[in-house]
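>>> can you look at this prediction? I've put the sequence above it.
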Amino acid sequence: MRIGMAPTARSMLLAPVASLPYGTLLSAEEQAGPARGVLSAAAAPVAPQPVLDLRLTETPKPAYGQPLPAKIQGRVVLDDKGDGQVDPTEKGVPNVSVSDGYTVARTGPDGTYCLTPSKFAVFVSITRPTGYDVAGAWYKPVGARIDFALKPAARDENEYIFVHVTDAHISSNRRSIEGLSRFVREVNALTPRPRFVVNSGDLVNLDKALSTPPRTGHAWFRNYVGIMNHLAMPYYNVAGDHTDSSYRLKEFPRGDIRCGKPMYWEYLGPHFFSFEYGRIHFVSADYAYHLGRRQIRGREYPTLQVQPMHVEWLKQDMANRTTGSFVVTTSEHDLTKHCPGFSEMARQYDVRLQLTGDDHIVAHRARFVPYRTGGALSGTWWDGPCADLSPQGYLIYQVHGTEMTCFYKGLGQRVAFVSPAHGVKVKGLLTLRAHLVQPRDGEVLLFSVNGGDWKPMKEVHRPFCRTLYEATWDSAVCPDGLVEVKAKSSADGETQHRVLVVHNGTAVTKFQTDASLTFLVGRVIAAGKAPRGNVDVLVNGESVGMIHPQRKREYAFAIPACVLRTVNTLEFRFAESHDGMTITHPLLTHSGRTFEDPYAAATRAVRRGHWPEDIVNRAGFIVGEGIDEGAFALKRSAFHFVLPPEAGS
């Protein structure tokens, strides 16, 4: 993590490592090309881009092997001289948090503090207070005397924008380096300029079982920080399972809560920290620990739960936030599941939102402690769009006092559909909504249906960073079935599209042959669940059978010809409230041909761009409630199967 303005000078790291050229050390999956067959579902892959030179700077390093002091003391002062140094004559700043990642101390009226370091302590860091920037390093290696300097912030913090990015998965894959370079250029060009960037995990693509050689890890971290250092604003990072490395494994072996973290420390600093901006107290939490407790096929994987000493740190950190501020956390996953006691913390310390990643989807969970998953800069690991068909991209937030709003921006894209979603069923008059990011003078959006004439969309609103457009379209002009709707910029011709299922019920085709419906219940990888109670299976509103409680198996149902339509909709009716299940491979077979829901077909194509076929076959959908979405399980309330007219008689 970096605080303060991005550096302008290039220099070698204090612990230099061999630099690797771009494009080397490609894994087999990195060498694979982009996913095919998904252009009907999402935008085309981002075109090749120039790569930024690596801008590497000196960063504070842990004082490996040095004895731990019994006490750590120091001052936080106002840097009147503007030299980033701490002078005894400078005024102390009270009520500022200073921490070793295990204990939090507050400065007194004269800016002094004193803390007893944990035996695990590596760094001492300062929590940036609202209205100030840190002059010099915001974290330093553990020592008996550690001072920090602050300077007044140059801009008001009541209204601003910031960027939430996640899952960059940087490696030596040139696509990842090009994509990160493009991201940095885009963020620097935004108007107004973001005040900071938050990255909520999987910064690089190290193996979770610590099998990636340290030399490779250093090269990938250098690629990440060397490009991110071109940002014209601070950037904050979350450590996690893909940033852990076998580097210094002898000093910090499995079982030590610090195992896997030294490489992250040397490039980015502490993996538990906080900062404040305006009315928000941001907290970053790492949930990955290599404790030797989790074995998968003979390999040790991290335990994904915040450990007790860091749970206590979180409580102290939040308790010491500035009066009147509320908390936003950044972590790889929902801390309600991965941090014991987090719900109670949220009640006590006013946690209002979690910024998360890891799942490679764009999603929001409106719970007591809501969380928003920020898509993925890498999409499907630089092989296509995200698992839910969102493009590679990131979230842009606007903060006004205590209010937060956001939108998702595709990497390299300014045009995007807002609604309707890909693959949904539409009927009658339909309102198409799209936005244009950073519109140019005279630029507007146009729309087209099934390759027809381009027609203007109407500007309806100008929120931050973009203009919203609408157009009304009568779906009755098209026969029942699939249609493609496009939106295009009048200035540069950028075009995005959606596939929709038109179902006005106007088709008069009669079917003479029965069909069969098949799917599997409860077999989705990492999220398999059968329903608690009975579930009616509905096709075109007619019950065709029943799913029974707690039965994970394949189901097959006969669909009478009299029930069939050109557009056939599969839905489920749960007997119990708040019930849910996971399903895979919903397919309708008729006259020897198999038909798939267009959204399901598109997401399957995306998954094939990264995962082997056995994993693809175990990925599916969530129906009902009580199960969280992820890359393997996407939320879906209905599935549509379009039979061609010639299938009937």
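Yep, it's here. Numbering: from 1, shown residues only.

>>> now the helices for the chain?
28-31, 174-189, 214-228, 262-268, 308-319, 335-338, 342-349, 598-608, 613-616 (DSSP state H).

>>> residue 415 is nearest to which of those helices?
helix 174-189 (14.1 Å; Cβ to Cβ). Where you see a C-beta, it was placed from the backbone N, CA and C, and this is true even at glycine.

>>> what is that closest one packed up against?
Secondary-structure packing of helix 174-189 (3 or more Cβ pairs under 8 Å, 6 or more residues apart in numbering; DSSP states H and E): helix 214-228.

>>> how far out from the middle of the chain is the helix it packs on?
20 Å (Cα atoms, centre = their mean, to the nearest Å).

>>> before we move on, what about stretch 366-376?
On the basis of Cα atoms, centre = their mean, stretch 366-376 sits 9 Å off its chain's mean C-alpha point.

>>> buried sites along it?
For stretch 366-376, burial by neighbour count (16 or more other Cβ atoms under 10 Å) applies to 369, 371, 372, 373, 374, 375, 376.

>>> tell me which residues are up against it.
164-167, 169, 200, 334-336, 342-343, 346, 351-365, 386, 390-395, 406, 408, 629 (Cβ atoms under 8 Å, 6 or more residues apart in numbering).

>>> any idea how far apart the tips of that stretch sit?
20 Å (Cα to Cα, to the nearest Å).

>>> pLDDT on that stretch, on average?
What stretch 366-376 shows for mean pLDDT is 93.

>>> how much space between residue 260 and residue 296?
Using Cβ to Cβ, to the nearest Å, residue 260 is found at 16 Å from residue 296.

>>> ugh, wrong one, I meant residue 462
Residue 462 is 50 Å from residue 296, by Cβ to Cβ.

>>> mind giving me the ChimeraX select for the contacts of stretch 366-376, buried ones only?
To isolate the buried subset of the contacts of stretch 366-376 in ChimeraX, counting by 16+ other Cβ under 10 Å, use the following:
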select :164,165,166,167,169,200,334,335,336,342,346,351,353,354,355,356,357,358,359,360,361,362,363,386,390,391,392,393,394,395,406,408,629
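
>>> where strands are concerned, which of the contacts of stretch 366-376 count?
164-165, 351-356, 362-365, 393-395, 406, 408 (DSSP state E).

>>> who wins for proximity to residue 290 among the helices of the chain?
Residue 290 lies closest, by Cβ to Cβ, to one member of the helices of the chain: helix 262-268, at 11.9 Å.

>>> what does the closest one rub up against?
1-2, 13, 15, 59, 61-62, 122-123, 203, 214, 217-218, 221-222, 224-225, 237, 239, 243-245, 247-248, 251-252, 271.

>>> buried ones among those residues?
Buried among the contacts of helix 262-268 by 16+ other Cβ under 10 Å: 1-2, 13, 59, 61-62, 122-123, 203, 214, 217-218, 221-222, 224-225, 237, 239, 243-245, 247-248, 252, 271.

>>> a markdown table for the helices of the chain, including mean pLDDT and distance to residue 542?
A markdown table is the format used below for those (pLDDT from 0 to 100; distance: least, Cβ to Cβ, whole Å):
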| stretch | mean pLDDT | distance to residue 542 |
| --- | --- | --- |
| helix 28-31 | 28 | 44 |
| helix 174-189 | 97 | 47 |
| helix 214-228 | 98 | 54 |
| helix 262-268 | 98 | 56 |
| helix 308-319 | 98 | 52 |
| helix 335-338 | 96 | 38 |
| helix 342-349 | 97 | 42 |
| helix 598-608 | 94 | 21 |
| helix 613-616 | 91 | 31 |
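
>>> the stretch 501-649 of the chain: strands as residue ranges?
515-521, 535-539, 542-547, 554-559, 567-574, 580-590, 593-596, 620-624, 633-635, 639-642 (DSSP state E, counting those that start in this stretch).

>>> please compute how far the fourth one lies from its chain's middle.
To tie it back to what came earlier, the one meant is strand 554-559. Relative to the chain's own centre, strand 554-559 is displaced by 37 Å; criterion: Cα atoms, centre = their mean.

>>> can you list the buried residues in it?
555, 557, 559.

>>> which one is the last one nearest to, not counting chain neighbours?
The one in question is residue 559. Counting by Cβ to Cβ, 6 or more residues apart in numbering, residue 559 lies nearest to residue 515, which is 4.2 Å off, once chain neighbours are set aside.

>>> residue contacts, that neighbour?
By Cβ under 8 Å, 6+ apart, the contact list for residue 515 reads 558, 559, 561, 564, 568, 588, 589, 590.

>>> and which of the buried residues of strand 554-559 is nearest residue 524?
Nearest to residue 524 among the buried residues of strand 554-559, with distances taken as Cβ to Cβ, is residue 555, at 14.4 Å.

>>> what are the bridge partners for the closest one, then?
Counting by DSSP bridges, residue 555 is bridged to residue 519.

>>> wait, residue 48 touches residue 178, no?
Yes: here residue 48 reaches residue 178: they are 6.0 Å apart, a contact under Cβ atoms under 8 Å.

>>> quick one: which of the two has more around it?
Between residue 48 and residue 178, counted using other Cβ atoms under 10 Å, the more crowded position is residue 178 (21 against 10).

>>> for the more buried one, what are its contacts?
Taking Cβ under 8 Å, 6+ apart, one finds 46, 48, 49, 50, 51 in contact with residue 178.

>>> CSV for those, including distance to residue 321?
As requested, the contacts of residue 178 are exported to CSV (distance: Cβ to Cβ, whole Å):
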residue, distance to residue 321
46, 39
48, 44
49, 40
50, 42
51, 39
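
>>> which of those residues tops the neighbour count?
Neighbour max across the contacts of residue 178 (other Cβ under 10 Å) = residue 46, 21 neighbours.

>>> could I get the full set of strands for the stretch 351-500 of the chain?
With DSSP E, counting those that start in this stretch as the criterion, the stretch 351-500 of the chain has strands at 351-356, 362-365, 371-374, 393-400, 403-410, 415-419, 425-426, 429-437, 445-449, 455-456, 458-461, 466-474, 481-489, 495-502.

>>> below-threshold pLDDT in the protein: ranges please.
For the chain, the stretches with pLDDT under 70 are 1-47, 646-649.

>>> how many neighbours does residue 60 have?
18.

>>> domain parsing for this protein?
Each domain of the chain is listed here as a residue range: 59-154, 415-502, 515-647, per automatic domain parsing.

>>> let me know the closest of the buried residues of strand 554-559 to residue 540.
For the buried residues of strand 554-559, the nearest to residue 540 is residue 559 (8.8 Å; Cβ to Cβ).

>>> returning to that earlier point: out of the strands of the stretch 351-500 of the chain, deepest packed?
Neighbour counts averaged per stretch over those are highest for strand 371-374, at a mean of 27; criterion: mean count of other Cβ atoms under 10 Å.

>>> so what strands line up beside that one?
strand 351-356 (parallel), strand 362-365 (antiparallel).

>>> quick one: residues contacting residue 157.
So residue 157 contacts 130, 131, 195, 277, 278 (Cβ under 8 Å, 6+ apart).

>>> please report phi then psi for the closest residue to the fourth one other than its chain neighbours.
Spelled out, that is residue 277. For residue 277, ignoring the flanking residues on the chain, the nearest one in space by Cβ to Cβ, 6+ apart is residue 157 at 5.7 Å. Note on residue 157: backbone dihedrals following degrees, to the nearest 10 are phi -110, psi 20.

>>> please tell me how far residue 157 sits from residue 355.
From residue 157 to residue 355 the distance is 18 Å (Cβ to Cβ).

>>> good, wrapping up.
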